[in-house]
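> Sequence and computational prediction follow.
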Amino acid sequence: MFGETPIILTGAFLAAFVAGAAGFGDALIVAAIWLQFFSPAEIVPVIVACFFVMHIVMLIKMRKRLDFRHLLPFLIGGAVGVPMGAQLLKLVEPHTFKLFAGAGLIAYGTIMLMLTNLPVIAWGGKVLNAGVGCIGGVLGGFAGLSGFVPAIWCTQRGWSREQTRGVTQPYIMTMHGMAFGWMASGGLVTSLTGSRFMIAMPAVAVGAWLGVRLYGQFDEKRFRQCVLVMLVIAGTLLLFNPGGR
């Protein structure tokens, strides 16, 4: 237990800091670190529990600064996807998924950083938004990675950072909460989950506080660049992660 404490604290702090600054990315960062040392079935419940609590607190703190007009279709789609992902966690090792996700994030982030103007996708409306939410829900139930697909999609929609975070922040919170419920009902939540949760939460609190303070320092262009750079870094970590013990 004591040997794993520095690993838990480091992953929790870095993930919370990134999520505080950008509104998503917590599970991407922490999974890329923790899954090198722990198996998915034992650590994914800790991921969703820690960052469910974190997003509740951040959402309360930032609710007046965010725009929630696009949120509902994502939540509806995510509610459909989470149970499917939770079942996959019990059956499938996420290693292959992480390889594909890592390669995709690196390619996407690099290409978008090279483009002067981001292409805007205006078609599809609420139906397509719900489909993206469903994909995020599956990945959330599977590996706690509910946020990065909706975050990419919000960027492609050309929404402001208030609109983007008004989707990703409450969406990730809801998906983490649902995923934890399904994992608990499936027997994946244990006393060790609770112990690791208690170790991680102080680092989560400090990291999120610092990240939220940083959020106000970005203008629109710098915010988009920050998100894209973060996706490339997270993709690289996922791509080279050996997949846990």
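On my side now, so go ahead.
> Pull up the per-residue confidence for R245.
Listed pLDDT for R245 reads 49.
> for I33, that is, sorry about that
In this model, I33 carries a pLDDT of 81.
> hang on, isn't it packed against G11?
Yes - with contact defined as CB atoms under 8 Å, I33 counts as touching G11 (3.8 Å). (Each C-beta comes from the backbone N, C-alpha and C, glycine too.)
> any low-confidence regions in the chain?
For the chain, the stretches with pLDDT under 70 are 1-2, 92-94, 97-98, 101, 115-118, 216, 218-221, 223-224, 227, 241-245.
> Would you map the helices across it?
5-22, 26-34, 40-62, 71-91, 95-114, 125-143, 148-157, 161-185, 191-215, 220-240 (DSSP state H).
> Rebuild these as TSV, extending it with mean neighbour count.
TSV is the format used below for the helices of the chain (neighbours: other CB atoms under 10 Å):
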stretch	mean neighbour count
helix 5-22	23
helix 26-34	27
helix 40-62	22
helix 71-91	20
helix 95-114	16
helix 125-143	22
helix 148-157	23
helix 161-185	23
helix 191-215	18
helix 220-240	18
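> so who does F68 touch?
Residues near F68 by CB atoms under 8 Å, 6 or more residues apart in numbering: G166, V167, P170.
> can you rerun that using 10 Å?
By CB atoms under 10 Å, 6 or more residues apart in numbering, F68 lies in contact with L59, E162, Q163, R165, G166, V167, Q169, P170.
> For I135, state which of the residues you listed is nearest.
V167 (13.8 Å; CB to CB).
> Which residues are in contact with that closest one?
Here V167 is in contact with 23-24, 66-75, 129, 132-133, 147, 150-151, 153-154, 157, 159 (CB under 10 Å, 6+ apart).
> Out of the contacts of F68, which comes closest to A205?
Taking those together and measuring to A205 by CB to CB, the closest member is L59, at 14.7 Å.
> T236 reaches I106, doesn't it?
Yes - counting by CB atoms under 10 Å, T236 does reach I106; the two are 6.1 Å apart.
> Just give the nearest non-adjacent residue to G85, would you?
Computed as CB to CB, 6 or more residues apart in numbering, the closest residue to G85 that is not its neighbour in sequence is G141, at 2.5 Å.
> same question, L88
L88 sits nearest to F142 (CB to CB, 6+ apart), 4.7 Å away.
> before we move on, what about T5?
Using CB to CB, 6+ apart, the nearest residue to T5 is I199, at 5.7 Å.
> Double-check the one you found against G3; I have them as touching.
No - if you go by CB under 10 Å, I199 and G3 don't touch, sitting 12.0 Å apart.
> if we can go back for a sec, against L71, how distant is the residue nearest to L88?
22 Å (CB to CB, to the nearest Å).
> Tell me which residues touch W34, please.
Counting by CB under 10 Å, 6+ apart, the residues that W34 touches are 4, 7-8, 10-12, 15, 27, 40, 42-44, 46-47, 144, 196, 200, 241, 244.
> Mutual contacts of T236 and I106, please.
What both T236 and I106 touch, as defined by CB under 10 Å, 6+ apart, is an empty set.
> Contacts only, for G177.
So G177 contacts V48, A49, F52, V53, H55, I56, V82, G140 (CB under 10 Å, 6+ apart).
> Skip the chain neighbours and tell me the closest residue to the third one.
Think F52. With CB to CB, 6+ apart, the residue lying closest to F52 is H176, at 3.7 Å.
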